[in-house]
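> Any chance you can model this:
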Amino acid sequence: MNHFLDIHKTDPAALRGMISSAIQMKTRRAGQPRGAPDADLPLKDRMVALIFEKPSTRTRVSFDVGVRQMGGQTMVLSGTDMQLGHGETIADTARVLSRYVDLIMIRTFDEAVLAEMAEFASVPVINGLTDRTHPCQIMADVMTFEEHKGPIKGKKVVWSGDGNNVCASFLHAAGQFGFDLTFTGPPTLDPEQEFVDLARSKGVNITIERDPMKAVAGADLVVTDTWVSMHDAQSARERRHNQLRPYRVDTRLMGNAKPDALFMHCLPAHRDDEATSEVMDGPNSVIFDEAENRLHAQKAILRWCLGV
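Numbers count the residues shown, from 1 in each chain. Sure, this is the predicted structure:
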């Protein structure tokens, strides 16, 4: 049984296999209606529980569509449906769900909830997002980069803004896929040192550069994310905007990267905050390819977890 909990907890060869599988499945589906089934139906007769303590658009739709394309069925459960840890324990919930479904995907706040679910479930568990990491998104991002530019190994990725959960998974991916990563943002929003050290221990270059113009010099990929969470108070939003404004990705900043550097944002975006519309809709932007590839990357993850 294979859990997909974080990129750094998954063997690099398995990760590479998932990227290859995702690209192959996407290629085979070219031109088909979105609702058309895959030819091999690897999830036929499988039931997948999709648990959302945190609301979602891309994660919910992409997992739901992906399971259906592969011939499976989904059961979508919200935090209010489950009340995880507020009555029945997470451990008991995991044990019960394992009697009903073949796989559990959970999008939650606390990483400990994910860990306990995986510990006590007797079926595979996928991390759909926690406050610390977002591995499914980064698998889609690696896939997207390689579709456009070839192997990501040895390339320079620059993260501009908040060292959040998406940034954390990019650091994990740097170590596992062998690319260098530069973080540029205010010291108060640095990524966790544990994640920086882990990537460096894999032999890749992880750089902290406060000057965004210097940071993006020679970049193959520039990435950012929203500055505020949907749950942040207004006072916190204002503080973050003041700290992060110098790190907005605009045409001037992108102009200091390589001419063919890609721009990514996992969405949803607050346009003209973390990135300008000119960049998001510009020729270097692959944000909608990136969004689509959540579907294909997660289908590959599902197959790997179930061994089909």
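
> pretty sure Met264 is in a strand, no?
Yes - counting by DSSP: H, G, I helix; E, B strand; the rest coil, Met264 falls inside a strand.

> Helices of the protein, residue ranges please.
12-28, 58-69, 79-82, 90-98, 111-120, 135-149, 165-177, 193-201, 212-215, 234-244, 251-254, 277-280, 287-306 (DSSP state H).

> Find the nearest non-adjacent residue to His265, please.
Counting by Cβ to Cβ, 6 or more residues apart in numbering, His265 lies nearest to Ile287, which is 5.1 Å off, once chain neighbours are set aside. Where you see a C-beta, it was placed from the backbone N, CA and C, and this is true even at glycine.

> Next one, pLDDT for the one you found please.
At Ile287, the pLDDT value in this model is 98.

> How about the contacts made by it?
By Cβ atoms under 8 Å, 6 or more residues apart in numbering, Ile287 lies in contact with 263-265, 267, 269, 280.

> what do you get if the cut-off is 7 Å, keeping everything else the same?
The neighbours of Ile287, taking Cβ atoms under 7 Å, 6 or more residues apart in numbering as the test, are 264-265, 267, 280.

> That one and Val279: what is the separation?
Relative to Val279, Ile287 is positioned 10 Å away (Cβ to Cβ, to the nearest Å).

> Next: Pro12.
The gap separating Pro12 from Val279 is 31 Å, by Cβ to Cβ.

> Which of those two has more residues huddled nearby?
Val279 (25 against 15; other Cβ atoms under 10 Å).

> circling back to that earlier point, mean pLDDT lowest for which of the helices of the chain?
Among the helices of the chain, helix 79-82 scores lowest, at a mean of 77.

> just how off-centre is it within its chain?
Relative to its parent chain, helix 79-82 has a centroid offset of 23 Å by Cα atoms, centre = their mean, to the nearest Å.

> Which strands or helices does it pack on?
Helices and strands touching helix 79-82, as assessed by 3 or more Cβ pairs under 7 Å, 6 or more residues apart in numbering; DSSP states H and E, are absent.

> Just the residues contacting that helix, thanks.
Contact partners of helix 79-82, identified using Cβ under 7 Å, 6+ apart, comprise 51-53, 93.

> Would you tell me which of the helices of the chain gets closest to Asn2?
helix 287-306 (4.9 Å; Cβ to Cβ).

> Figure out how far the closest one is from the centre of its chain.
Worked out by Cα atoms, centre = their mean, helix 287-306 lies 10 Å from the chain centre.

> list the buried ones in it?
287, 289-306 (16 or more other Cβ atoms under 10 Å).

> circling back to that earlier point, comparing the helices of the chain, which comes out most buried?
helix 165-177 (a mean of 25; mean count of other Cβ atoms under 10 Å).

> My guess is Ile206 contacts Leu181. True?
Yes - taking contacts as Cβ atoms under 7 Å, Ile206 lies within contact range of Leu181: 5.5 Å.

> Looking at these two now, which is surrounded by more residues?
The residue with more neighbours, out of Ile206 and Leu181, is Leu181; 24 against 20, by other Cβ under 10 Å.

> Identify the bridge partners of the more buried one.
Note on Leu181: beta-bridge partners by DSSP bridges are Val157, Ile206.

> And it, how far from Ala261?
Leu181 is 14 Å from Ala261, by Cβ to Cβ.

> can you check Glu192 too?
26 Å.

> Comparing those two, which shows the higher neighbour count?
Under the criterion of other Cβ under 10 Å, the comparison of Glu192 against Ala261 puts Ala261 first, with 21 against 15.

> quick revisit: farthest-apart pair in the contacts of helix 79-82, please.
The distance between the two most remote of those (Cβ to Cβ) is 14.2 Å, for Phe52 and Thr93.

> ok, now which ones touch the residue nearest the centre of the chain?
What sits nearest the mean C-alpha location of the chain, by Cα atoms, centre = their mean, is Gln137, with 1.7 Å. Gln137 makes contact with 166, 169, 266, 294, according to Cβ under 7 Å, 6+ apart.

> which residues does the nearest residue to Phe4 once chain neighbours are set aside bridge with?
Nearest non-adjacent residue to Phe4, counting by Cβ to Cβ, 6+ apart: Ile126, 4.7 Å away. For Ile126, the beta-bridge partners are Phe4, Met105 (DSSP bridges).

> Angles on the backbone of the most far-flung residue of the chain relative to its centre, please.
Relative to the C-alpha centroid of the chain, counting by Cα atoms, centre = their mean, Gly87 is the outermost residue, at 30.2 Å. Phi and psi for Gly87, reported as degrees, to the nearest 10, are phi 170, psi -100.
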